[in-house]
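**Q** Give me a model of this one.
(chains A and B)
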Amino acid sequence: MSDTAITVDNLSKSYLVGHRAARNQSYTALRDVIGREVRNFARKTADFIGGRPIVQGDTVEEFWALKDVSFEVKQGEILGIVGRNGAGKSTMLKVLSRITEPTRGLIRIRGRIGSLLEIGTGFHPEMTGRENIFLNGAILGMTKADISRKFDEIVAFAGVETFLDTPVKRYSSGMYVRLAFAVAAHLDVDILIVDEVLAVGDAEFQRKCLGKLTDAKKSGRTVLFVSHNMSAVRKLCSKAIWLQEGRINGIGCVEECTAKYLAQAPCRTGLASAFQLDQALELRRFELSPNPVSSGSRVRMSLEIAAHQATRIEELAIMFHASSGARVSMVDVRSFGLPVGLRAGQALAVRCAVADVPLTESEYHVGLCIRTDHLVANVPDLITLSVSPRPNAGDHVPYPAADRGFVELDVADKLLAVNSQ
Amino acid sequence: MPELVIEPGGAERRYWEGLWQYRELFKVLAWRDMSVRYKQTVIGIAWALIRPFLTMVVFTVVFGGIARLPSDGSAPYALMVFAGLLPWAFFSAALADASGSLVSNANLISKVYFPRLIVPTASVIVAFVDFLISFAILAAMMAWYRFMPGPQLLLLPVFIVIAFLASLGPALWLTALNVKYRDFRYVIPFVVQLGLYVSPVGFSSSIIPEQWRLIYSLNPMVGVIEGFRWCILGDQSRIYLPGIPLGIGITALFLWLGITQFRKMEKSFADLI
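**A** The predicted model follows:
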């Protein structure tokens, strides 16, 4: 068919993964350690002689990241790909953009293809904004003439005119992301592959990204779009694929796929159904948005509690727990104006926002604590808030979130001094 | 409209055409590596001159002064050392820079598609530019010793091309192997260091006994270094003629091996890196 942009036929991709044998004995004999190391060494040497890649671990297993995936994308279609982490979405994009080779199957692509698996790929911190525009553009597959023609447009879009000759290591993280996105947004191809670009940056930036994708849609380009943001998928896409454990679990209608995915998702961004607190009270709605939220950016919370009987709500709190179970923080709703009396049929709406979420990137369980005139309830785990890493601001690679604790402190008045005694 | 077919083990019929389409990226990567190279250094590009110069001084003192090894004919020992050091320094820099290039550009390899051959080749080009810069030292030394080269100097570009190809082949092969087996990160500096003493850099190859010279010429850099000395020093340096075709043959073999091995492993780089 002439209007087919991408045909994927029985695509499979496998990886070899190594496992370490369980080592839960209280002590290990030196003999066992030596025996294991010798076996490992023998296996690695055999791999080397046979020209096979080395896999770390005691036992090796084949893992299918994608298994018999077939679909078609028509020209001008915006295909959304949804699924949990590890469902094979990124592997699929990597295979489609030729970064890695499939193990089995066949893909036919008609038209020039460009992929944005990350923005700012290849940016060099020592080079200036101007130089990085050319560098990044060439890496994305633009020609020098292309970049020169669009140069002014890119600079204006990023809003970095005055810093063009400053090394990007001196840029603020916002400027850096804007410049990186501006280059990517001016990539002129027939088929565009986009992975989670919207997961970084502030709300304003995410809006810009969505706007650019909408433009691409209007100009008749084909777009493959992976996202965890279901509302973006619903808004943009004309077709969706739901991947689960490397297989297609649903294909076609966007509403249906995203709804099924959300119902399945263990990372609950909202309540699947109303939650009965007791016979008098029902939690109808409880959500945080955006979810996932980028660390340091704004998150809104809203919930609605409906009363079947007259109830007086004395206390209410939104609680945040780490996955370890430790209490991280709470929002005390008493300060909003509690206590409040509800008549049967009335509902209490609570809304608030935290301007800059100080949490480090991780998943937090969000629950409620409530005391009424006839109920004390503590529901620690209703929904999950995923906090994604904030764009890297400094020259340092941040320590892992597990090492940094729960809270990102806003440190001011920094001083480093060497004093003699 | 161009159609692209992706399948496992798919032979890319238009591999070289694809490489040509990415010539812009090739230029940009080489330019990036060059301009970043001496950023935040005090003397900048002078490093490209100082390092080979100091090596030459040390070799002249150790081999010419202390060990009293003979030079080629009546040519100054320092000049003979430098004529050999030029291609060797390029070869060792190309090997060291290229072999680490893919691993240090891992973020590019795992996020964007382009013919992977570009990255190590751009590193070899960067080493090549340093090599051309250090010709300035050669010119200065020739002026200092009032040494006039003969007409055979016109053949030097031929040996420069051979030096380039002799470096590119092993560099590509080692680059691919280094992605798969990081052991090569430790092997390469050792090989380069050993090669410095195995190749006739600090001494003239005329001190090698005649019956061993054919075997000695199996090292592709031997032919290149002898060729450089012959072009620069003229008849002072007796060239070992059977060694030249042998060296070219070995260079061609390594180049073929380097490119085919690299292409074979290229598709799995993103999974291994």
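**Q** State the pLDDT value of the residue in the stretch 201-350 of chain A positioned nearest to chain B.
**A** For the stretch 201-350 of chain A and chain B, the shortest gap (Cβ to the nearest Cβ) falls at A:T222, measuring 11.7 Å. C-beta: built from backbone N, CA, C; applies to glycine. Looking at A:T222, its pLDDT reads 91.
**Q** residues in contact with it?
**A** Counting by Cβ atoms under 8 Å, 6 or more residues apart in numbering or on different chains, A:T222 touches A:5-6, A:73-79, A:111, A:190-192.
**Q** In strands, which of those residues fall?
**A** A:A5, A:I6, A:V73, A:K74, A:I78, A:L79, A:I191, A:L192 (DSSP state E).
**Q** of all those, which two lie farthest apart?
**A** A:K74 and A:L192 (14.6 Å; Cβ to Cβ).
**Q** how many other residues sit next to whichever residue of the stretch 101-250 of chain B sits closest to chain A?
**A** Going by Cβ to the nearest Cβ, chain A is nearest to B:Y113 of the stretch 101-250 of chain B, at 4.1 Å. Residues lying near B:Y113 (other Cβ atoms under 10 Å in any protein chain shown) number 21.
**Q** what's the nearest residue to it if we skip its chain neighbours?
**A** A:R98 (4.1 Å; Cβ to Cβ, 6 or more residues apart in numbering or on different chains).
**Q** a helix runs through the one you found, doesn't it?
**A** No. Assessed with DSSP: H, G, I helix; E, B strand; the rest coil, A:R98 is coil; it does not lie in a helix.
**Q** Need the pLDDT of it.
**A** At A:R98, pLDDT is 88.
**Q** Can you verify my assumption that it contacts B:I6?
**A** Yes. At 6.3 Å, A:R98 counts as touching B:I6 under the criterion of Cβ atoms under 8 Å.
**Q** Mind jotting down where the helices sit in the stretch 1-150 of chain B?
**A** Taking DSSP state H, counting those that start in this stretch as the test, the helices found in the stretch 1-150 of chain B are B:15-21, B:23-37, B:47-59, B:77-104, B:106-111, B:118-133, B:135-144.
**Q** now the last one: how far from the chain's centre is it?
**A** Mean C-alpha position of helix B:135-144 versus that of the full chain (Cα atoms, centre = their mean, to the nearest Å) differs by 21 Å.
**Q** which residues touch B:F63?
**A** B:L69, B:Y77, B:V81, B:G202, B:F203.
**Q** Could you find the closest non-adjacent residue to the third one?
**A** Taking Cβ to Cβ, 6+ apart as the measure, B:V81 lies nearest to B:F59, with 4.7 Å between them; neighbours along the chain are not counted.
**Q** Okay, the one you found and B:V201: tell me how far apart.
**A** Between B:F59 and B:V201 the distance is 7 Å, computed by Cβ to Cβ, to the nearest Å.
**Q** now do B:N107
**A** In terms of Cβ to Cβ, B:N107 sits 36 Å off from B:V201.
**Q** Tell me which of the two has more neighbours.
**A** Neighbour count, other Cβ under 10 Å: between B:N107 and B:V201, B:V201 has more, with 26 against 14.
**Q** Give me the local confidence score for that one.
**A** For B:V201, pLDDT reads 90.
**Q** which SS class is it?
**A** B:V201 is classified as coil under three-state DSSP.
**Q** Contacts only, for it.
**A** With contacts defined as Cβ under 8 Å, 6+ apart, B:V201 is in contact with B:F59, B:V81, B:G84, B:L85, B:W88, B:I225.
**Q** which residues of the stretch 201-350 of chain A fall in helices?
**A** Using DSSP H, counting those that start in this stretch, the helices of the stretch 201-350 of chain A run over A:203-218, A:230-236, A:254-264.
**Q** Quick check: buried residues in the second one?
**A** Residues of helix A:230-236 classed as buried under the neighbour-count rule (16 or more other Cβ atoms under 10 Å in any protein chain shown) are A:M230, A:A232, A:V233, A:L236.
**Q** my guess is B:S101 meets B:V126, correct?
**A** No. Taking contacts as Cβ under 8 Å, B:S101 lies outside contact range of B:V126: 9.4 Å.
**Q** Kindly state the beta-bridge partners for A:E61.
**A** Beta-bridge pairing of A:E61 under DSSP bridges involves A:V17.
**Q** Pull up the gap between B:L49 and chain A, please.
**A** Counting by Cβ to the nearest Cβ, to the nearest Å, the gap from B:L49 to chain A is 22 Å.
**Q** Assess the claim that that residue and B:A139 are in contact.
**A** No. With contacts counted by Cβ under 8 Å, B:L49 stays clear of B:A139, the gap being 11.5 Å.
**Q** Mind checking which of the ones in strands among the contacts of A:T222 are buried?
**A** Buried among those (16+ other Cβ under 10 Å): A:A5, A:I6, A:V73, A:I78, A:L79, A:I191, A:L192.
**Q** Chain B next: which of those residues are close?
**A** The subset of those within reach of chain B, by Cβ under 8 Å from any Cβ of the partner chain, is empty.
**Q** With distance to B:F26 and pLDDT as new columns, can those be given to me in JSON lines?
**A** JSON lines is the format used below for those (distance: Cβ to Cβ, whole Å; pLDDT from 0 to 100):
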{"residue": "A:A5", "distance to B:F26": "29", "pLDDT": "90"}
{"residue": "A:I6", "distance to B:F26": "28", "pLDDT": "93"}
{"residue": "A:V73", "distance to B:F26": "31", "pLDDT": "92"}
{"residue": "A:I78", "distance to B:F26": "33", "pLDDT": "90"}
{"residue": "A:L79", "distance to B:F26": "33", "pLDDT": "92"}
{"residue": "A:I191", "distance to B:F26": "24", "pLDDT": "90"}
{"residue": "A:L192", "distance to B:F26": "24", "pLDDT": "88"}
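**Q** dump the residue contacts of the residue of the stretch 101-250 of chain B closest to chain A.
**A** A:S97, A:R98, A:I99, A:S115.
**Q** ok, those residues vs A:L271, which is closest?
**A** Taking the contacts of B:Y113 together and measuring to A:L271 by Cβ to Cβ, the closest member is A:S115, at 35.9 Å.
**Q** Looking at B:L49 and B:A139, which is more packed in?
**A** Under the criterion of other Cβ under 10 Å, the comparison of B:L49 against B:A139 puts B:L49 first, with 16 against 9.
**Q** What's the per-residue pLDDT of the more buried one here?
**A** So B:L49 comes in at 88 (pLDDT).
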